[in-house]
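Chemist: Take this sequence and fold it.
(one chain, ligands or ions: 1)
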Amino acid sequence: MTKSIDIEKLLQRVESLEKRVEKLDPTSKRQLPSKEKQIKNIKDEIEIWSKKFPSIDVEFELIKMLDWLKANNKRKKDYKAFFRNWLRKSSNSIEQSVEDVLKYVYGCTKPSKNCTNNESDYKDMYIFCEKCKAQKTIVKTIKN
Ligand SMILES: [Zn+2]
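Modeler: Numbering: from 1, shown residues only. All right, here's what the predicted structure looks like:
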């Protein structure tokens, strides 16, 4: 048995346990920690989230989600649940759009003025930015 299967099983187990907890003790009736604490918990589990959603940049999505909440002046009771849905939506939109995508544009998460984008036909390229010393991620897709 390989390690990745173990993780997959573990995640499934965690998820089913969470569902059982939700049934016994629904979020709506539960007292959840402060927003700051919840976000910190999510950050502490970033690696687990990345394994769960391998096609997306989970750390970047968290920043995007926090920006979105701020921009729309929204507060959530359960940030973890909201983040999970957020990741599901963005991973679905990546997978659904694969068929009509012609090219993927890779760019930096926090580009400086010397950063450039690269186009590729493939969605799993490893393109490194020397300026940022970081891996570029898909920032845009070019469609039919
Ligand atoms: Zn860069």
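Chemist: would you say V139 is within a strand?
Modeler: Yes: under DSSP: H, G, I helix; E, B strand; the rest coil, V139 sits within a strand.
Chemist: Who is the closest residue to Y126 other than its chain neighbours paired with across the strands?
Modeler: Among residues not flanking Y126 along the chain, Q135 sits closest, at 6.3 Å (C-beta to C-beta, 6 or more residues apart in numbering). Glycine gets a C-beta too; all of them are placed from N, C-alpha and C. Applying DSSP bridges to Q135 gives these bridge partners: F128.
Chemist: my guess is Q135 meets N118, correct?
Modeler: No: using C-beta atoms under 8 Å, Q135 makes no contact with N118, being 11.6 Å away.
Chemist: overlap in contacts of the two?
Modeler: I127 (C-beta atoms under 8 Å, 6 or more residues apart in numbering).
Chemist: For this protein, what lies in contact range of the ion?
Modeler: Within the chain, the positions near the ion by C-beta under 5 Å from the ion are 108, 115, 129, 131-132.
Chemist: Can you list which of those are found in strands?
Modeler: Among the residues of the chain next to the ion, the members falling in strands (DSSP state E) are C129.
Chemist: got the residue ranges for the strands in this protein?
Modeler: Under DSSP E, the chain gives strands at 101-107, 118-120, 128-129, 134-135, 137-143.
Chemist: Can you work out which other helices and strands pack against the first one?
Modeler: In this case it means strand 101-107. Counting contacts by 3 or more C-beta pairs under 8 Å, 6 or more residues apart in numbering; DSSP states H and E, strand 101-107 packs against strand 118-120, strand 137-143.
Chemist: Tell me the helices and strands packed up against the last one.
Modeler: Yep, that's strand 137-143 we're talking about. Using 3+ C-beta pairs under 8 Å, 6+ apart as the contact test, the elements touching strand 137-143 are helix 79-97, strand 101-107.
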